[in-house]
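1. Structure for this input, please:
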Amino acid sequence: MKPVKEIAKTISASGLKITPQRIAVIQALEKLEHPRAEDIIREVSEHIPGLSPTTVYNTLDVLVSKKIIRKVHTEADVMRYDAIPDHHHHLYCMQSDRMDDYFDPELDSLLEDYFRKKNIKGFKLKEIKLQLMGEFEIKERTTIQKSA
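-> Next up, the predicted model:
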């Protein structure tokens with residue numbers, strides 16, 4: 001988990017005021033890995049008792065709008081949040097609902113080249129996000145980084 005000073009610096013750099021609620025939400029995101037809002041509310045409430053769910057939802061919306069965190073939909077139509085705003089894809093386990101980060105510069109390059117050549121008429125591509133679905137053979141969570 002990032003130190004509080006680093007989280008505060010990220011919040012401040014985005015033009016937002018540093019608040020205990022924002023820091024707690026980001027810490028919960030990093031600890032829980034792709035949590036649902038309800039999971040974040042439960043985690044943050046342990047550190048800031050009495051914090052309203054509305055405050056957590058509003059904080060999540062603001063952090064997403066400032067691109068500090070990202071929203072991720074699962075195949076089961078569940079909204080999750082991701083503490084890694086940098087470009088990456090996800091591996092989604094259809095059996096366990098687990099989601100892991102997947103970084104692959106070679107895949108990114110192939111996709112970008114393909115769509116640059118393909119040129120879909122009347123459509124301007126802004127971003128490519130993949131969610132690869134399958135089942136994990138191992139139980140441990142990992143961030144998979146394929147080297148180029």
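2. Just say helix, strand or coil for the residue nearest to Leu125 when sequence neighbours are not counted.
-> On the basis of Cβ to Cβ, 6 or more residues apart in numbering, the spatially nearest residue to Leu125 that is not a chain neighbour turns out to be Phe115, at 5.3 Å. C-beta here means a position set from N, CA and C on the backbone, and glycine is covered the same way. Under the three-state scheme (DSSP: H, G, I helix; E, B strand; the rest coil), Phe115 adopts helix.
3. quick one: Gly15 from Lys66, how far?
-> Applying Cβ to Cβ, to the nearest Å, the value for Gly15 to Lys66 is 7 Å.
4. What of Phe103?
-> Distance of Phe103 to Lys66, given as Cβ to Cβ: 22 Å.
5. Spit out the contact partners of the residue lying farthest from the centre of the chain.
-> Within the chain, the residue lying farthest from the chain centre (Cα atoms, centre = their mean) is Lys121, at 30.4 Å. Going by Cβ atoms under 8 Å, 6 or more residues apart in numbering, Lys121 touches no other residue.
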